[in-house]
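Colleague: Give me coordinates for this.
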Amino acid sequence: MEFNKVKNINGQVTIPGDKSISHRAVMIGSIAKGTTEIHNFLQGADCLATIDCFQKMGIEITNNTNTVTIKGKGLHGLTKPASILDVGNSGTTTRLISGILVAQDFNVRLNGDASIQTRPMGRIIEPLSLMGANIKSVNDDGCAPLEITGSPLKAIHYNSKVASAQVKSSILLAGLYADGITSVTEPYLSRNHSELMLNAYGANVTSNNTTATITPVAELFAQKIDVPGDISSAAYFIVAGLIVPNSEILIKNVGINPTRDGIIRVCQSMGAHIEIMNQKQSGGETSADILVKSSSLKGITIGGAIIPTLIDEIPVIAVLACFAEGQTIIKDAAELKVKESNRIDTVANNLKNMGADITPTEDGMIINGGQSLNGAVIESHLDHRIAMAFAIASLVSEGTTTINDAECVDISYPQFYHDLKRLSK
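Modeller: Numbering: from 1, shown residues only. Alright, predicted model coming up:
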């Protein structure tokens, strides 16, 4: 797909529902009693894979575009699927659903696409096994496909080596079925959507610093969930509004959960003109409208506790840094290597091809701003966040940019190119 430089970007855009919250609403709604309604559900390939998995386990789910209705059967209502559960490209589905499946009274196999078969699942296999789970990597390589045979679970306290909401959530979901109080401590606080949503459904989850603790309850109960817009998807328009001259964008109804708002804090630290307006709350989640205007930016160092709050936004933050005065250093982000692609290498190679001054490091990258970018052929590696980040870079690059496998954005934002074109002049 080809992209060209634009004069400005103006107008307003409503971002699709948050991917993380959409996944969790389907999973928790399926193991709750009663009918859950999910509004503004993300109709992306990853979230549709989650729906498919639970339908295969006997849960009646009706998907009417903007509203998904789930007839939950309670904590012990799932039934053995007749076939492999196909998670597609979704690491969230794979890791979170495993926490539920290890406690069921049947065996099941999970598998996904070529990317999923290279992503590290040892990080959930270890803690779930410590709880007594029977979960194995079929090829003995720490990756999918996974073979799971349900078994009784015991409570543990787990010290996670990585600040990962997927690892934490997998353990907490398994903890619903354990014989006592289960807790997980992270090196830094990761996104807390699972804790908020579990409590909304009647679970007993408490948080203290970087430790989350779950005490089992007899049942969870159906809820109405209003999913805010995904800040990870909003990030592309935030960056576009900042780096394209003479631009002003109003991004409507975006989730600004403090465990996810690192992109806003980083942009403000760089000197961005960003206003947070019309804040409201639903189901423990805060959302707001975000007004962004073209800004003069300066380079900063990004690392430490803020990294888990913006890990998915780093590719587009790297694009942003190219247009900041001075040097931007991104560190403590080795997790980028095990995303849909090795995002350190992918971002660095593609930006170098566009003329950026960027050096990859073991745990991030160093970017010297102020270099003009030129159109290039961009390899997305079927990574939706890479494709979207470089679509934004193309808006301020001389000449034509070609993004290979650009359609991979369907994973999280099927209307992305349509919205981008509508706002561009």
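
Colleague: domains of the protein?
Modeller: 2-16+228-423, 19-226 (automatic domain parsing).

Colleague: For these, give me JSON lines that also has mean neighbour count and mean pLDDT.
Modeller: Yep, even glycine has a C-beta here, placed from its N, CA and C like the rest. Converted to JSON lines, the domains of the chain look like this (neighbours: other Cβ atoms under 10 Å; pLDDT from 0 to 100):
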{"stretch": "domain 2-16+228-423", "mean neighbour count": "20", "mean pLDDT": "97"}
{"stretch": "domain 19-226", "mean neighbour count": "20", "mean pLDDT": "97"}
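
Colleague: all helices for this structure, in order.
Modeller: Under the criterion DSSP state H, the chain contains helices at 19-30, 45-56, 91-101, 122-130, 165-175, 193-200, 231-243, 262-269, 314-321, 343-353, 384-394, 416-423.

Colleague: got TSV for those, with distance to P145 too?
Modeller: As requested, these are exported to TSV (distance: least, Cβ to Cβ, whole Å):
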stretch	distance to P145
helix 19-30	20
helix 45-56	14
helix 91-101	10
helix 122-130	12
helix 165-175	17
helix 193-200	24
helix 231-243	27
helix 262-269	33
helix 314-321	28
helix 343-353	24
helix 384-394	23
helix 416-423	30
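
Colleague: if we compare these, which one ends up closest to D410?
Modeller: helix 45-56 (5.4 Å; Cβ to Cβ).

Colleague: any residues touching that closest one, and which ones?
Modeller: 19, 22-23, 26-27, 30, 41, 61, 63, 68, 70, 78, 81-83, 85-90, 92-93, 97, 112, 410-412 (Cβ atoms under 8 Å, 6 or more residues apart in numbering).

Colleague: now swap in stretch 263-270 and tell me
Modeller: 231, 235, 238-239, 242, 256, 274, 276, 290, 297-300, 302, 306, 309-310, 313, 317, 320, 324, 328.

Colleague: For that stretch, C-alpha coordinates in CSV please.
Modeller: In CSV, the C-alpha atoms belonging to stretch 263-270 read as follows (Å, rounded to 0.1, in the frame of the first residue of the first chain):
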residue,chain,number,x,y,z
ILE,A,263,2.2,7.9,25.6
ILE,A,264,0.5,11.1,26.9
ARG,A,265,3.0,11.7,29.7
VAL,A,266,5.9,11.2,27.2
CYS,A,267,4.5,13.6,24.7
GLN,A,268,3.9,16.2,27.3
SER,A,269,7.4,15.8,28.6
MET,A,270,8.6,16.4,25.0
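
Colleague: Off-centre distance for it?
Modeller: With Cα atoms, centre = their mean, to the nearest Å as the basis, stretch 263-270 stands 19 Å off its chain's centre.

Colleague: do stretch 2-10 as well
Modeller: The answer for stretch 2-10 is 27 Å, by Cα atoms, centre = their mean.

Colleague: Start at 550, not 1
Modeller: In the new count, where the first residue is 550, that last one comes out as stretch 551-559.

Colleague: which other residues reach it?
Modeller: Residues contacting stretch 551-559 (Cβ under 8 Å, 6+ apart): 786, 789-790, 793-798, 843, 924, 940, 943-952, 972-974.

Colleague: Can you give me the end-to-end span of stretch 926-942?
Modeller: Start and end residues of stretch 926-942 are separated by 12 Å (Cα to Cα, to the nearest Å).

Colleague: what's the closest non-adjacent residue to L634?
Modeller: In space, L634 comes closest to C602 once its chain neighbours are excluded; the distance is 4.6 Å by Cβ to Cβ, 6 or more residues apart in numbering.

Colleague: And for G804?
Modeller: Going by Cβ to Cβ, 6+ apart, G804 has P777 as its nearest residue, at 3.5 Å.

Colleague: Also A870?
Modeller: Sequence neighbours aside, T877 is the residue nearest to A870 in space, at 3.6 Å (criterion: Cβ to Cβ, 6+ apart).

Colleague: my guess is that neighbour meets G852, correct?
Modeller: No: under the criterion of Cβ atoms under 8 Å, T877 makes no contact with G852, lying 10.9 Å away.

Colleague: Quick one: the strands in the stretch 800-949 of the chain, in order.
Modeller: All strands of the stretch 800-949 of the chain, identified by DSSP state E, counting those that start in this stretch, fall at 822-831, 834-842, 846-847, 850-851, 873-874, 876-879, 906-910, 913-917, 922-923, 926-928, 946-947, 949-953.
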